[in-house]
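>>> Need the 3D shape of this:
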Amino acid sequence: MSTPVLEEQDLAAVDRERPVTVLAQETGLGEGTAFFLPSPGDPWTEYTYEQLLADLVDQDEFIVPNLLARVMLLFGKPKAGKSAVVVNLCNAIITGAPFLGAFPLVNAQGEPLFNRVIVLAADASIKREYAARLQRLGVTQAAGLRLRVLHRALDSTDWERLTKQLRPDSRTLVVLDSLTMATEGGTADDQSVKVALRGATYMSEAGASVIVVGYQSDWGPATPPKGQLPRPQGHTAVSAGVRWLMHVGKPNPFDDKNVELTCWGNAGRVHKYALQRRDSAADLHLVSQETADELSTAVGESQKQTKRKKDDRNREIADLIVQSCQGLNQEQAAAWLEVHEVQGVSGKVIKASTAVGYFSRKAQFGGLARCNGGVWSLSGTS
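As a prediction, this is how the structure comes out:
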């Protein structure tokens, strides 16, 4: 049985500012069903579940799995190689060469994923940089490339108008270079960042893939604290607006040949790619890659190896105590360890006070060497 719907003339007579109750005989949804009717110019778009499923089929989340996403932020410190990676991608689209020398940008049928690149440059100097680097890669013609210089930060209306002018589609890559210069108040102003990211959303909703280029937040030290990923400027707003991040960095500040990419999404699963420059700054080629699963396995193996080393060292110290401290009580054995500068699992000399604590808590080597009236033996032996 088909479900009746309201005709256009019926909709015109309804007060659009309030929920409408539609009778069962008008919609088939049941008496008392309430909903809002959309108005022209409403700041939202509604999708049915069928349309959402169709989007999943029409467009994957990734251009290159675990590397390039349909909407992403590419960021790093100045001169880290951000623009070089983007230019390498532009070259791949223009010439058909594999991205980073390793990833063909084609679909399952072997057809190019993109036929157009639009660079939105927030600084006029960027146009020279892109042209020079593409020329060094051997590009002489680029019919599918357009670079538009933004003379001021765009507001939401500007972004909407620009999207309509450019008419991006699923075979268009849009690059915003860079987020910092494209915002009115800089990346410290969350509202300005949100406006720029909303502009990226307009493009992606039209079907385009979007890369936003940004800068790395300054932790103070050259690298983030141990165990923490780098974070972009405008971190709070970016984290809410972008689901895939690519950090571009160097193995050390003075290395101009090697580039490292670290990619992750909301789930925090990290993927790493090692690149090497050849003839020019943007002539980057993949050297190695590690997936999140491989990195997780490596971390697990490293932790196991570290534990084995600690266990082995504690056993060595316990053996030494049994051999050298017969007739001594725990306090005297602890003092003996310090006097003889015996090193613990950390590589530092064991302090007497620390050793006494291990003996009393049966921790570290203190759980392996036991004392009974000055007679030392290994735990588990007679």
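
>>> give the contact list for Gln364.
Applying Cβ atoms under 8 Å, 6 or more residues apart in numbering, one finds that Gln364 lies in contact with Asn314, Ile317, Gly344, Val345, Tyr358. All C-beta atoms are positioned from the backbone trio N, CA, C, and that covers glycine.

>>> what's the closest of the residues you listed to Ile118?
Val345 (56.7 Å; Cβ to Cβ).

>>> Isn't that closest one up against Asp312?
No. Using Cβ atoms under 8 Å, Val345 makes no contact with Asp312, being 9.2 Å away.

>>> wait, Arg198 sits on Ser156?
Yes. If you go by Cβ under 8 Å, Arg198 and Ser156 touch, sitting 6.0 Å apart.

>>> about what we covered before: neighbour count winner among Val345 and Asp312?
Legend: neighbour count by other Cβ atoms under 10 Å for Val345 and Asp312, higher for Val345 (17 against 10).

>>> distance of the more buried one from Ser178?
46 Å (Cβ to Cβ, to the nearest Å).

>>> go on, Leu328?
Leu328 is 67 Å from Ser178, by Cβ to Cβ.

>>> what's the neighbour count on Arg161?
13.

>>> Can you name every helix or strand that the helix or strand where Tyr130 lies contacts?
Using DSSP states H and E, Tyr130 sits within helix 125-136. Of the remaining helices and strands, those touching helix 125-136 by 3 or more Cβ pairs under 8 Å, 6 or more residues apart in numbering; DSSP states H and E are helix 82-95, strand 116-121, strand 145-149.

>>> what does the domain assignment say about the chain?
8-46, 60-290, 309-378 (automatic domain parsing).

>>> Just the buried ones from the contacts of Gln364?
When the contacts of Gln364 are checked for burial by 16 or more other Cβ atoms under 10 Å, the buried set is Asn314, Ile317, Gly344, Val345, Tyr358.

>>> Val259: which element?
Using DSSP H and E, Val259 falls in strand 258-265.

>>> List the buried residues for the next helix or strand after that strand?
Of the helices and strands lying after strand 258-265 in sequence (DSSP H and E), the nearest is strand 271-277. Residues of strand 271-277 classed as buried: His271, Lys272, Tyr273, Leu275, Arg277 (neighbour count, 16+ other Cβ under 10 Å).

>>> Which strands or helices does strand 271-277 pack on?
Using 3+ Cβ pairs under 8 Å, 6+ apart: strand 271-277 touches strand 258-265, strand 284-290, helix 292-324.

>>> Sheet partners, orientation included, of that strand?
Partner strands for strand 271-277, per DSSP bridges, with pairing direction: strand 258-265 (antiparallel), strand 284-290 (antiparallel).

>>> Give me the average confidence score over that strand.
Strand 271-277 shows an average pLDDT of 95 in the prediction.

>>> Tell me how far it lies from the chain's centre.
Counting by Cα atoms, centre = their mean, to the nearest Å, strand 271-277 is centred 15 Å from the centre of its parent chain.

>>> now that strand against helix 82-95, angle please.
Interaxial angle of strand 271-277 relative to helix 82-95 (axes from the mean of the first three to the mean of the last three Cα atoms, to 10 degrees): 80 degrees.

>>> Am I right that Phe114 sits in a strand?
No. Assignment of Phe114 by DSSP: H, G, I helix; E, B strand; the rest coil gives coil, placing it outside any strand.

>>> where do the helices sit along the stretch 151-300 of the chain?
Per DSSP state H, counting those that start in this stretch, the stretch 151-300 of the chain carries helices over the ranges 156-166, 190-205, 235-241, 292-324.

>>> So which bits of stretch 176-191 are buried?
Here stretch 176-191 shows Leu176, Asp177, Ser178, Leu179, Thr180, Met181, Ala182, Thr183, Thr187, Asp190 as buried, counting by 16+ other Cβ under 10 Å.

>>> And stretch 166-174, by the same measure?
For stretch 166-174, by 16+ other Cβ under 10 Å, it's Leu166, Pro168, Arg171, Thr172, Leu173, Val174.

>>> And the first one, how close does it get to Arg277?
In this structure, Leu166 and Arg277 are separated by 32 Å, where distance is defined by Cβ to Cβ.

>>> ok, which pair from the buried residues of stretch 176-191 is furthest apart?
Asp177 and Asp190 (20.6 Å).

>>> can you tell me which of the buried ones among the contacts of Gln364 lies nearest to Leu134?
For the buried ones among the contacts of Gln364, the nearest to Leu134 is Val345 (54.2 Å; Cβ to Cβ).

>>> What's the local residue count around Ser377?
Around Ser377 there are 15 residues (other Cβ under 10 Å).

>>> May I have the beta-bridge partners of it?
With DSSP bridges as the rule, Ser377 is bridged to Arg370.

>>> circling back to that earlier point, return the closest of the buried residues of stretch 176-191 with respect to Tyr47.
Leu176 (25.2 Å).

>>> Now do the contacts for that closest one.
Contacts of Leu176 by Cβ under 8 Å, 6+ apart are Leu120, Ala122, Ala182, Ala196, Gly199, Ala200, Val210, Ile211, Val212, Val213.

>>> for the last one, what are its contacts?
Contacts were defined as Cβ under 8 Å, 6+ apart; by that measure Val213 touches Leu73, Leu74, Phe75, Lys82, Ser83, Val86, Val175, Leu176, Asp177, Ser178, Leu179.

>>> Taking these together, which two end up most distant?
Longest span within the contacts of Val213, Cβ to Cβ: Leu73 and Ser83, 14.3 Å.
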